[in-house]
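Peer 1: Prediction below, plus the sequence it came from.
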Amino acid sequence: MDSASHSTSDQTPEEILAYWTPERMAEAKPRELRIPEPAPHRPEDDEGPAPDPS
């Protein structure tokens, strides 16, 4: 299973926006974005909700 990443920052949103000057944006390199493959279709998923056992 692929994992997701998450990070926290002590910077405020304003500080982060101030960091990304036009010069830094122009030099920035995009990071690789990996999207997981969709799960295979299973016929039992088409049956609808299970009946209420009560």
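Peer 2: Good, I have the coordinates.
Peer 1: Return the set of buried residues in stretch 9-16.
Peer 2: Under the neighbour-count criterion of 16 or more other C-beta atoms under 10 Å, stretch 9-16 has nothing buried. Using the backbone N, CA and C atoms, a C-beta is placed for each residue, glycine as well.
Peer 1: Residues contacting it, please?
Peer 2: residue 19 (C-beta atoms under 8 Å, 6 or more residues apart in numbering).
Peer 1: average pLDDT for that stretch?
Peer 2: Throughout stretch 9-16, pLDDT has a mean value of 93.
Peer 1: How far off centre is it?
Peer 2: Mean-position distance between stretch 9-16 and its chain equals 20 Å (C-alpha atoms, centre = their mean, to the nearest Å).
Peer 1: just checking, what packs against the helix or strand containing residue 26?
Peer 2: Taking DSSP states H and E as the definition, one finds residue 26 inside helix 22-27. For helix 22-27, there is no helix or strand it packs on, judged by 3 or more C-beta pairs under 8 Å, 6 or more residues apart in numbering; DSSP states H and E.
Peer 1: how far out from the middle of the chain is it?
Peer 2: Relative to the centre of its chain, helix 22-27 is centred 24 Å away, using C-alpha atoms, centre = their mean.
Peer 1: One more: stretch 21-32?
Peer 2: Distance of stretch 21-32 from its chain centroid, counting by C-alpha atoms, centre = their mean, is 20 Å.
Peer 1: And the contacts of that stretch?
Peer 2: With contact meaning C-beta under 8 Å, 6+ apart, stretch 21-32 is reached by residue 20.
Peer 1: got the end-to-end distance for that stretch?
Peer 2: This stretch, stretch 21-32, spans 22 Å end to end (C-alpha to C-alpha, to the nearest Å).
Peer 1: Likewise for stretch 20-33?
Peer 2: Note: stretch 20-33 ends 20 Å apart using C-alpha to C-alpha.
Peer 1: Using PDB, write down the CA coordinates of the helix holding residue 26.
Peer 2: Once non-C-alpha atoms are left out, helix 22-27 reads as follows in PDB (Å, rounded to 0.1, in the frame of the first residue of the first chain):
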ATOM      1  CA  PRO A  22       7.900  35.600  -7.900                       C
ATOM      2  CA  GLU A  23      11.600  34.700  -8.200                       C
ATOM      3  CA  ARG A  24      11.100  31.600  -6.000                       C
ATOM      4  CA  MET A  25       8.000  30.600  -7.900                       C
ATOM      5  CA  ALA A  26       9.900  30.900 -11.200                       C
ATOM      6  CA  GLU A  27      12.700  28.600  -9.900                       C
END
